[in-house]
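# no sequence on this one, just coordinates:
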Ligand SMILES: Nc1nc2c(c(=O)[nH]1)N=C([C@H](O)[C@H](O)COP(=O)(O)OP(=O)(O)OP(=O)(O)O)CN2
Ligand SMILES: [Zn+2]
């Protein structure tokens, strides 16, 4: 059970939901700079997903907590992140820097979780938004990813 204080991000929405979940997965970062992390090794990843919005669905949910867990845990738990060729390995980021690869680093996995969650939320009637993903890879290392928000109209 994770009961931790996470970084906060200001937002204009009335509701904010946070879901903690974890998954065990192996990965490797095939670059010289990664050193020992270029070899296959495993982590228990802990993540906190923050979702916000102004409208609830017909159940009174911003989004069902269990849907978020299923989406991430079922996809990644007890797998090898590098095997997800559709997600990791080829640069997908439109605003990526030249030469930036989408290897499953903590940064890229955090961004990918946010994108997967947002793709799910986009299909819901009340359309909440994923505003932050906190991803802890080791006891001493974590990343916080916050997508850029679309500029407000007017
Ligand atoms: N910016 C990043 N740097 C590193 C990443 C990463 O995803 N983003 N990943 C790794 C390795 O995969 C490794 O699993 C984690 O590294 P690290 O925190 O250095 O692990 P240690 O347990 O060895 O760290 P301590 O300082 O001993 O606690 C490397 N870098
Ligand atoms: Zn690692």
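On my side now, so go ahead. Just so it is clear, the structure is predicted and the values come from calculations on it, not from any experiment. Ligands and ions are numbered 1, 2, ... in the order given.
# near ligand 1 at all, stretch 44-61?
No - Stretch 44-61 lies apart from ligand 1 when judged by C-beta under 6 Å from any ligand atom; the minimum separation is 10.3 Å. Placement of C-beta: from N, CA and C, glycine included.
# i'd like the first residue to be 33 from this point on
Fine by me, first position is 33 from now on; the one you just mentioned is stretch 76-93.
# Spell out the residue ranges of the helices in this structure.
Remark: helices assigned in the chain by DSSP state H are 97-108, 138-153.
# Now stretch 81-93: buried residues?
81, 82, 83, 84, 85, 93 (16 or more other C-beta atoms under 10 Å).
# and which of those is nearest residue 112?
residue 81 (22.0 Å; C-beta to C-beta).
# low-scoring stretches of the protein, by residue?
33-35, 122-132, 183-186 (pLDDT under 70).
# related to what we said a few turns ago, could I get the helices of the chain in a markdown table, plus columns for mean neighbour count and distance to residue 48?
Below are these laid out as a markdown table (neighbours: other C-beta atoms under 10 Å; distance: least, C-beta to C-beta, whole Å):
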| stretch | mean neighbour count | distance to residue 48 |
| --- | --- | --- |
| helix 97-108 | 17 | 13 |
| helix 138-153 | 20 | 14 |
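# Mind putting the ones you listed into TSV with distance to residue 120?
Conversion of those to TSV gives the following (distance: least, C-beta to C-beta, whole Å):
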stretch	distance to residue 120
helix 97-108	11
helix 138-153	7
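# quick one: which of the ones you listed is nearest ligand 1?
Nearest of those to ligand 1, taken as C-beta to the nearest ligand atom: helix 138-153 at 3.7 Å.
# what's the spacing between the closest one and its chain's center?
4 Å (C-alpha atoms, centre = their mean, to the nearest Å).
# is it anywhere near ligand 1?
Yes - Helix 138-153 reaches ligand 1 (C-beta under 6 Å from any ligand atom) through 138, 139.
# hmm, who's touching that helix?
Residues outside helix 138-153 that contact it (C-beta atoms under 8 Å, 6 or more residues apart in numbering): 59, 77, 79, 81, 83, 95, 99-100, 103-104, 107, 113, 119-120, 125, 134, 136, 159-162, 164-167, 169, 173-177, 179.
# out of the residues you listed, which are buried?
For the contacts of helix 138-153, a neighbour count by 16+ other C-beta under 10 Å gives the buried set as 59, 77, 79, 81, 83, 95, 100, 103-104, 113, 119-120, 134, 136, 160-162, 164-167, 169, 174-177.
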